[in-house]
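Asks: Provided below are the primary sequence and the corresponding predicted coordinates.
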Amino acid sequence: MLDKIDKISYPLSDDNYIKNVFEKKQIVVGHTFTNDMSHIIGWENRYNGSYKKTAAFTIDLDGKIYQHFDPKYYSNFLNIQTIDENVISIALVNEGWLIRDLKEDEYTDFLNNSFDREIPIKKKWRNHTYWAKYSDEQINALIELCEYLSNEYNIKLKTIGHNTRVDGVYDFEGVVFRSNFIKEYTDISPAFDFVEFKNKLELKTKNDER
């Protein structure tokens, strides 16, 4: 797995995360609100280069995994310090919610950039209706990365299996989503196949136990 993780292309400076070590109990997955790796530019330039709401890893649409800082450290991924300390954060490249122009039958992201990938998922959720799809390559890479991090940091390879807010999610040990914590978060979106992800994680767990 280590040879599949690119640690060279998009490293963050020490100012973009907190260089303290804590025990890891959760993997938290969110997305970038971009269609490429341009979110890194935003991370590096906000707050005069000291923006810390970053992720340790990004998985792009081709399933390539990029490490931005050592996951033994942490960032303000959730903006909840006592939780973030125990979290390994992963961001999937994805535009998130989309706006549909009914007259032109076209879609744009929240920055009014044209969306020209495959037809979005339609589902009313958290005040939005249209959602950019995640790629199969991303999901497969995410499962591999979760398995690797589970083995390296002794994090349980299980997941809640949905994206809605959960009371007590702070105490859950395993893989969760940013939207499980606060209802204002829209990642991970309804375009994610939570059932398939949960089933594949459980299969990995069963295989590891043999």
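Replies: Noted; the coordinates are in hand.
Asks: quick one: low-confidence parts of the protein?
Replies: Applying pLDDT under 70 to the chain flags residues 1-2, 103, 206-210.
Asks: same for the biggest helix by length in the chain, what does it pack against?
Replies: Longest helix in the chain, counting residues (DSSP state H): helix 136-153. On a contact count with 3 or more C-beta pairs under 8 Å, 6 or more residues apart in numbering; DSSP states H and E, helix 136-153 meets strand 26-31, strand 57-59, strand 65-67, strand 87-92, helix 194-209. (C-beta placed from N, C-alpha, C; glycine too.)
Asks: each with direction, which strands does the first one pair with?
Replies: Paired strands of strand 26-31, with direction, are strand 87-92 (parallel), strand 174-177 (parallel) (DSSP bridges).
Asks: how many neighbours does the nearest residue to Ala132 once chain neighbours are set aside have?
Replies: Spatial nearest neighbour of Ala132, excluding adjacent residues (C-beta to C-beta, 6 or more residues apart in numbering): Glu95 at 4.1 Å. Residues near Glu95, counting by other C-beta atoms under 10 Å, number 25.
Asks: same check, this time on Ile5
Replies: Neighbours of Ile5 using other C-beta under 10 Å come to 16.
Asks: circling back to that earlier point, distance from the longest helix of the chain to the middle of the chain?
Replies: Centroid separation for helix 136-153 versus its chain: 12 Å, with C-alpha atoms, centre = their mean, to the nearest Å.
Asks: now do the residue nearest to Ala132 against Lys122, distance only.
Replies: Going from Glu95 to Lys122 by C-beta to C-beta, to the nearest Å gives 15 Å.
Asks: my read: Asp36 touches Asp60, true?
Replies: Yes: with contacts counted by C-beta atoms under 8 Å, Asp36 reaches Asp60, the gap being 7.3 Å.
Asks: who has more neighbours, these two?
Replies: Asp60 (22 against 11).
Asks: now the more buried one: how far from Ile41?
Replies: Distance from Asp60 to Ile41, by C-beta to C-beta: 15 Å.
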